[in-house]
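> Build the 3D model from these lines:
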Amino acid sequence: MSASVTGTCLAEVGNHVLCLDVDPAKIATLQQGGIPIFEPGLDDMVRRNVAA
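Below is the predicted model:
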């Protein structure tokens, strides 16, 4: 499980989460609303929690 998945799940249950990465391409993808990995349902959870 990646840190993105873990962070998203922690945010989903009400935690305030800060995820970091050293890969500028992944950060840019996230800032543009994309998800740099595939995990079923992850994109909806990330978008919901970023909006919250």
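> what ranges of the protein fall below the confidence cut-off?
Within the chain, the segments meeting pLDDT under 70 span 1.
> any chance you could map the helices in it?
Using DSSP state H, the helices found in the chain span residues 3-12, 24-31, 42-51.
> tell me which residues of the shortest one are tucked away?
The neighbour-count check on helix 24-31 (16 or more other CB atoms under 10 Å) flags 26, 30 as buried. (C-beta placed from N, C-alpha, C; glycine too.)
> Verify the contact between residue 33 and residue 44 for me.
No - using CB atoms under 8 Å, residue 33 makes no contact with residue 44, being 12.0 Å away.
> follow-up on the earlier one: can you tell me which of the helices of the chain is packed in deepest?
Of all the helices of the chain, helix 3-12 carries the top mean neighbour count, a mean of 16, counting by mean count of other CB atoms under 10 Å.
> re earlier: how about a markdown table for the helices of the chain, with distance to residue 18 added?
A markdown table is the format used below for these (distance: least, CB to CB, whole Å):
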| stretch | distance to residue 18 |
| --- | --- |
| helix 3-12 | 8 |
| helix 24-31 | 12 |
| helix 42-51 | 12 |
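> Not counting sequence-adjacent ones, nearest residue to residue 27?
residue 21 (5.7 Å; CB to CB, 6 or more residues apart in numbering).
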